[in-house]
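Student: Just the structure for this:
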Amino acid sequence: MTKTMHQPRMRYPDEVVVRAKAGFDLVGAIGQLTKLKSAGRLMSGRCPDPAHRDRDASFVVNPSRNLYHCYAPSCRLNEKWFSPIDWMIDFRGAADFNEAMEMLGGVRDPLPAPVRRKMAAEQEAKAKQAEDDAKKQAEDGRLKGRKIFAAGGPMKGTLGETYLIEGRGLAGLDVTAPALRFHADLPYWHEVKKNVFRVIHSGPAMLAAFQDRWGNFSAVHQTWLLPDGSGKAVIEFEGEEGLERLPAKKIRGPFMGSAIRLTPPAKLMLCGEGIETTGEIARLHRPGTGAWVAGTMGNLTGRFHPDAPRAPHPTDPKRRLPAIVPDMTSLRMAVPDICKTEILIADGDTKDLHALHALLDMAERRIRQEGRAAGQLWPPGRQDLNDWGRQLRKADCAQLAPVHCKAMNESDQVKASTEEEARHV
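Tutor: Residues are numbered from 1 along each chain as shown. Here you go, the predicted structure:
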């Protein structure tokens with residue numbers, strides 16, 4: 001958390017505070033502590049907070065708004081979007097707001113009314129321009145994503161089908177679903193240095209379309225595959241910091257609030273983060289059951305309310321768990337209007353299960369507030385649903401069959417109990 005202000009806040013005019021924040025080179029300051037790369041309209045990298053120990057690129061900076069945030073659920077920088085004033089207090093040693101403003105060059109002297117009006121008009125115009133730029137970038141990403149998806153062909157009979165059916169063991173999954181396509185040689189663009197992009201890999205890739213609530217295309221999910229389709233591609237780049245292993249999955253376009261539809265809409269929807277995980281449900285073709293994919297944890301759960309209390313992390317006193325109070329204004333994946341019950345599929349192989357439990361509890365609370373019944377489906381052990389399903393299918397022992405039946409029966413019980421609750425909402 002930011003330091004407590006021990007002095008009263010001095011009377012800085014609002015326009016002075018706004019200008020001091022806007023004039024600070026936040027990207028440059030953060031770049032001294034962690035390497036940032038372009039990610040659409042944002043910059044991303046590893047979190048500079050010393051208490052955040054993992055090496056995932058969960059930290060982002062919004063240059064147009066001069067704010068920063070970490071998406072890791074248990075990181076203290078996950079509470080809200082932070083400003084240059086917060087940066088001065090948390091990372092530059094400012095004791096309070098007043099000292100932070102002094103470090104940013106703020107002037108406390110009252111400004112003449114005409115000057116204040118001019119500054120306010122300039123700030124309003126800048127905010128409007130930033131909003132317009134964000135919309136333009138989102139639309140540009142959507143159009144480029146649509147072009148990538150349109151360049152693909154049917155999944156049937158391709159390495160994409162090999163990957164899903166053989167590599168991931170999803171026999172029965174409908175690979176002819178309109179949301180799934182395949183590209184035989186998709187280029188992988190990477191920012192090799194600031195604002196310089198280059199194709200560092202090209203190969204077979206599975207494509208999946210995100211659709212918004214009304215069925216419109218919004219983004220494309222790309223998964224690069226090994227040449228034989230047995231798994232995801234290994235993509236590496238030799239950069240300034242040595243050999244870097246890059247993710248085999250990317251999303252192009254504004255996907256938040258949208259979903260990958262592996263099945264038609266249904267009254268009972270099971271929703272998961274990944275295609276492979278959610279495919280375990282889609283492959284079963286259970287009557288009255290649908291399976292849609294969020295693509296990311298943030299899109300599966302939405303955000304928690306920034307002002308809600310957060311419990312201490314049970315294994316790390318320096319961190320706090322996500323709040324279980326949802327931010328109802330935040331975007332999360334859309335489900336069909338006919339959906340009465342929504343079940344969230346948990347990935348048991350997540351690093352921080354405590355944080356995952358809190359996020360799913362928060363999302364479940366949000367779903368209930370939206371008028372649907374809700375529940376969670378957890379595979380046994382520290383594995384995701386697809387890994388567990390493959391384990392069951394490969395096992396040549398009878399004792400695993402009752403476990404599988406027990407989980408499916410529990411899923412039915414969740415459905416029954418949540419539907420009963422829905423009737424009382």
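Student: Helix, strand or coil: sort out residue 90 for me.
Tutor: Secondary structure assignment for residue 90 (DSSP: H, G, I helix; E, B strand; the rest coil): helix.
Student: Kindly state the pLDDT recorded for residue 57?
Tutor: On pLDDT, residue 57 comes in at 79.
Student: Enumerate every residue touching it.
Tutor: Counting by CB atoms under 8 Å, 6 or more residues apart in numbering, residue 57 touches 37, 44, 45, 46. Glycine gets a C-beta too; all of them are placed from N, C-alpha and C.
Student: what about residue 81, neighbour count?
Tutor: Neighbour count of residue 81, defined by other CB atoms under 10 Å: 15.
Student: since we're on the nearest residue in space to it that is not next to it in sequence, how many residues are nearby?
Tutor: Nearest non-adjacent residue to residue 81, counting by CB to CB, 6 or more residues apart in numbering: residue 67, 4.2 Å away. Using other CB under 10 Å, residue 67 has 19 other residues around it.
Student: for residue 395, same thing?
Tutor: Neighbours of residue 395 (other CB under 10 Å): 13.
Student: could you check the distance from it over to residue 252?
Tutor: 38 Å (CB to CB, to the nearest Å).
Student: what's in contact with stretch 232-250?
Tutor: With CB under 8 Å, 6+ apart, stretch 232-250 has contacts from 35, 163, 188, 190, 192-193, 200-201, 203-204, 221-226.
Student: Now do the helices in the stretch 251-400 of the chain.
Tutor: 275-282, 297-301, 353-369, 385-394, 400-422 (DSSP state H, counting those that start in this stretch).
Student: Least confident of those helices, on average?
Tutor: Across these, the lowest-scoring stretch is helix 400-422, with a mean of 42.
Student: Helix, strand or coil: sort out the closest residue to residue 390 other than its chain neighbours for me.
Tutor: Spatially, and ignoring its direct neighbours in sequence, residue 390 is nearest to residue 169 (4.2 Å; CB to CB, 6+ apart). Using three-state DSSP, the structure places residue 169 in coil.
Student: Could you pull up phi and psi at the residue nearest to residue 81?
Tutor: phi -130, psi 160 (degrees, to the nearest 10).
Student: Show me what it is bridged to.
Tutor: Per DSSP bridges, the residues bridged to residue 67 are residue 62.
Student: pretty sure it is touching residue 61, no?
Tutor: Yes. With contact defined as CB atoms under 8 Å, residue 67 and residue 61 form a contacting pair (7.3 Å).
Student: Touching both of the two, which residues are there?
Tutor: Joint contacts of residue 67 and residue 61 (CB under 8 Å, 6+ apart) are residue 26.
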